[in-house]
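Enquirer: Next one to model:
(one chain, ligands or ions: 1)
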Amino acid sequence: MAAFLQTNIRLNSIKIVPGRYSALTDHQFRAAYRIRCAAASPGKKRYNIALLPGDGIGPEVISVAKNVLQKAGSLEGLEFDFQEMPVGGAALDLVGVPMPEETFTAAKQSDAILLGAIGGYKWDKNEKHLRPEMALFYLRRDLKVFANLRPATVLPQLVDASTLKKEVAEGVDMMIVRELTGGIYFGEPRGIKINENGEEVGISTEIYAAHEIDRIARVAFETARKRRGKLCSVDKANVLDASILWRKRVTALASEYPDVELSHMYVDNAAMQLIRDPKQFDTIVTNNIFGDILSDEASMITGSIGMLPSASLGESGPGLFEPIHGSAPDIAGQDKANPLATILSAAMLLKYGLGEEKAAKRIEDAVVDALNKGFRTGDIYSPGNKLVGCKEMGEEVLKSVESKVPATV
Ligand SMILES: NC(=O)c1ccc[n+]([C@@H]2O[C@H](COP(=O)([O-])OP(=O)(O)OC[C@H]3O[C@@H](n4cnc5c(N)ncnc54)[C@H](O)[C@@H]3O)[C@@H](O)[C@H]2O)c1
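Expert: Alright, predicted model coming up:
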């Protein structure tokens, strides 16, 4: 159990400030929540990692991924200084806000952030600013992590877990680059208002500035360049003005990347093509809302949402690494969660957050090795394999990390 859940701070004595601020003194907070490991040994590279387990299955998958990260790092001469901090519903229960200022500060000052998941039935009726999910909104916005990289790969070992026919699913290997800090989730005006007829109206605004499109498009072109050199930009330029500008800016940038083949697709067609022929995609770039939906759709092709990691990166500062799944309250606390999405998020943390590709490869290889040995959590189980829980899957990956020869990248 995370140390921050063992605190004996009396919640009723804490003044709650709306938003992401708690009224604990810095001293109280440090004493209650921080877990620091020993100082780094001489000659080793050392990184500060903020661990935000969150809610539901979050603490279960983070605890497993932390061990794997630590082991893979140590085999490559890396040491980690972990700081575990409350976020989401866990933070609401402890200090009354979903994103305590102290958690944000620790995240901001770290080299990279590994997050579990946020949310649960318990807080579903909270006012909007006191919902656990607001923590994610604040984190992404305030860390300015505008580029969300979501790989969707069908591993040969899991092709039978896909809901698509084997011949459609096998070989799928795509990267969805989603814009994360703009568009309709953040656009103004927004809110529920009363119109001139006295009727309630809900307003959300899809808005993109040219620089926001350019910077995510550049990330996507660079990503495609390192993959198979194909980039598909997904929009709704036949209807939405923001999409018309999106298409214009992405097209204009293409001349800087002559080695990347650019195509455009309307989002309704893209949703269809992902199911019809997903192998046609290499890299997809799209806005915040379309990326949210399409990446969940793509996750089903791979067999389970429990397999998919993600990275959120900004122009500077730490990246945020997390599985794409939620807190899965239906299986929380039952040791049933698949930890592989979080373990693979730790690999992305090493690769994209710290530039430690060898340690990342150790983790990726170990996940494949554990799957090759037939270990499966319930969500990816098929007859003939060995059904294991979250902890055992973590132990098997750990064994594979230890036993594999050093990775070459
Ligand atoms: N990034 C996040 O933290 C995030 C993302 C999505 C949803 N949420 C929140 O999570 C809560 C539950 O949302 P939901 O049910 O729509 O989505 P979910 O991803 O939590 O669960 C959807 C289904 O997938 C299963 N599942 C998810 N992750 C799994 C894993 N690792 N292993 C095995 N099975 C797994 C769940 O058991 C459930 O049946 C809500 O409060 C929601 O707001 C958080």
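Enquirer: quick one: the residue of the stretch 1-150 of the chain found nearest the ligand from residue 251, how far?
Expert: As assessed by Cβ to the nearest ligand atom, the ligand sits closest to residue 119 within the stretch 1-150 of the chain, at 2.4 Å. Every C-beta, even on glycine, is put in place using the N, C-alpha and C of the backbone. Distance from residue 119 to residue 251, counting by Cβ to Cβ, to the nearest Å: 38 Å.
Enquirer: more crowded one of those two?
Expert: Ranked by neighbour count (other Cβ atoms under 10 Å), residue 119 and residue 251 place residue 119 first, with 23 against 13.
Enquirer: And the strands in the stretch 101-250 of the chain?
Expert: Listed in chain order, the strands of the stretch 101-250 of the chain (DSSP state E, counting those that start in this stretch) span 112-117, 147-153, 173-179, 191-194, 200-203, 230-235.
Enquirer: quick one: strands adjacent to the first one?
Expert: For strand 112-117, the paired strands and their directions (DSSP bridges) read strand 45-54 (parallel), strand 319-323 (parallel).
Enquirer: check contacts around residue 230.
Expert: By Cβ atoms under 8 Å, 6 or more residues apart in numbering, the contact list for residue 230 reads 224, 260, 261, 263, 281, 282, 283.
Enquirer: same thing but at 7 Å, please
Expert: Residue 230 is in contact with 224, 261, 282, 283, counting by Cβ atoms under 7 Å, 6 or more residues apart in numbering.
Enquirer: Among those, name the ones in helices.
Expert: residue 224 (DSSP state H).
Enquirer: Find the residue closest to the residue positioned nearest the centre of the chain in space, skipping its chain neighbours.
Expert: The chain has residue 322 as the residue nearest its centroid, 3.1 Å off, counting by Cα atoms, centre = their mean. Nearest-residue entry for residue 322: residue 115, 4.0 Å, with adjacent residues in sequence omitted and distances by Cβ to Cβ, 6 or more residues apart in numbering.
Enquirer: what's the spacing between the one you found and residue 74?
Expert: Distance from residue 115 to residue 74, by Cβ to Cβ: 22 Å.
Enquirer: So for these two, which sits in the more crowded spot?
Expert: Per other Cβ under 10 Å, whichever of residue 115 and residue 74 has more neighbours is residue 115, with 26 against 16.
Enquirer: re earlier: quick one: pLDDT of the residue nearest to the centre of the chain?
Expert: Residue 322 carries a pLDDT value of 97.
Enquirer: dump the residue contacts of it.
Expert: By Cβ under 7 Å, 6+ apart, the contact list for residue 322 reads 115, 310, 345.
Enquirer: Flag the least confident of these.
Expert: Lowest pLDDT among the contacts of residue 322: residue 310, 95.
Enquirer: Identify the bridge partners of it.
Expert: Applying DSSP bridges, one finds that residue 310 bridges with residue 322.
Enquirer: looking at it, it is touching residue 148, isn't it?
Expert: Yes: at 6.0 Å, residue 310 and residue 148 qualify as touching, with contact defined as Cβ atoms under 7 Å.
Enquirer: tally of neighbours for whichever residue of the stretch 301-409 of the chain sits closest to the ligand?
Expert: Nearest to the ligand, among the residues of the stretch 301-409 of the chain, is residue 326, at 2.5 Å (Cβ to the nearest ligand atom). For residue 326, the neighbour count with other Cβ under 10 Å is 18.
Enquirer: Over to residue 293?
Expert: 14.
Enquirer: Ignoring the adjacent residues along the chain, who's closest to it?
Expert: Nearest one to residue 293, counting by Cβ to Cβ, 6+ apart, is residue 271 at 7.5 Å.
Enquirer: okay, that neighbour: pLDDT?
Expert: 98.
Enquirer: Close to the ligand: what parts of the stretch 51-200 of the chain are there?
Expert: Within reach of the ligand by Cβ under 6 Å from any ligand atom, the stretch 51-200 of the chain has these residues: 57, 117, 118, 119, 120, 133, 136.
Enquirer: Thank you, goodbye.
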